[in-house]
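Student: sequence and predicted structure are below.
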Amino acid sequence: MEDEELKQLEDGNELIEDENSNSLDGQSIEEEKIEDTGVTEDDGDTFSQVQEEDAPSKEDILLNILQEMKNNLDTAMSLLGEYDNRARGVSIHSGDNKTSKVLEGVFAGDGMIGADGERYDIPPNYASKSKLIEGDIMKLTITSNGNFVYKQIGPMPRKRLMGELAVDEEKDEYWVVVDNNKWRILKASVTYFKGYSGDKVAFMVPQDGPSKWAAVEHIVKNDGISEESL
């Protein structure tokens, strides 16, 4: 009986040694694999850090999205003819062997800014008589013989105010003043009404939004006699 127990104990020890040996062999194999790859835990941390540094920021992503949107819009506008003269408010009319150019624009106080980006001088007498204010939509026809014909096609909403005429003789400029606000007015309007500094001025400005220029309706003289309205 003792011999059998001793033999079993020896067989058990041999089994434990074999298992330990297999475990050590497996560990050696794993270490060999790690050595073969050449990657350590520190290397993995460094690689992750490099990935984070190379990753685009939110700002870069947004800029890329906006740039892509702009490119798509440019393409769509080009396909729709946005850059064609007619789409920009400029058209060419031909007939009877004569060619005229027609473009729209916006009145800017003493001239028109055309859809082509150019500035066109409007005769002061016409602007004064028509009581044009900033923002009015204009149409300019340039005839084949070089005549400029203006027409107001889109008046802005207006409001009427009362102020006092102020004259800067050195600069030859004319203003209408209300409290701490002032607007530039055309000299043609003042000379038509024979206005002088201190006279009361009834004038119009855009109903909404600020403006630098005003249109004179009439001038009331200091002596109470009103000049005839335009």
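Tutor: Perfect, thanks for sending it. Predicted model, so just to flag it, every value in this text is computed and none were measured.
Student: surely residue 126 is in a helix?
Tutor: Yes. Assessed with DSSP: H, G, I helix; E, B strand; the rest coil, residue 126 lies in a helix.
Student: what ranges does this protein have for its strands?
Tutor: In the chain, the strands defined using DSSP state E lie at 90-95, 98-107, 111-114, 119-121, 137-142, 148-154, 158-168, 173-178, 181-185, 200-206, 215-220.
Student: now distance to residue 60 and mean pLDDT too, for those, in TSV please.
Tutor: Using the backbone N, CA and C atoms, a C-beta is placed for each residue, glycine as well. Output for these, formatted as TSV (distance: least, Cβ to Cβ, whole Å; pLDDT from 0 to 100):
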stretch	distance to residue 60	mean pLDDT
strand 90-95	39	48
strand 98-107	39	85
strand 111-114	38	92
strand 119-121	40	93
strand 137-142	42	92
strand 148-154	44	92
strand 158-168	48	96
strand 173-178	51	97
strand 181-185	47	96
strand 200-206	43	96
strand 215-220	51	95
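Student: got these as JSON lines, with mean neighbour count and distance to residue 129 columns?
Tutor: What follows is those, written out as JSON lines (neighbours: other Cβ atoms under 10 Å; distance: least, Cβ to Cβ, whole Å):
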{"stretch": "strand 90-95", "mean neighbour count": "12", "distance to residue 129": "27"}
{"stretch": "strand 98-107", "mean neighbour count": "18", "distance to residue 129": "14"}
{"stretch": "strand 111-114", "mean neighbour count": "18", "distance to residue 129": "16"}
{"stretch": "strand 119-121", "mean neighbour count": "13", "distance to residue 129": "16"}
{"stretch": "strand 137-142", "mean neighbour count": "17", "distance to residue 129": "14"}
{"stretch": "strand 148-154", "mean neighbour count": "13", "distance to residue 129": "11"}
{"stretch": "strand 158-168", "mean neighbour count": "15", "distance to residue 129": "16"}
{"stretch": "strand 173-178", "mean neighbour count": "18", "distance to residue 129": "16"}
{"stretch": "strand 181-185", "mean neighbour count": "18", "distance to residue 129": "14"}
{"stretch": "strand 200-206", "mean neighbour count": "21", "distance to residue 129": "14"}
{"stretch": "strand 215-220", "mean neighbour count": "21", "distance to residue 129": "10"}
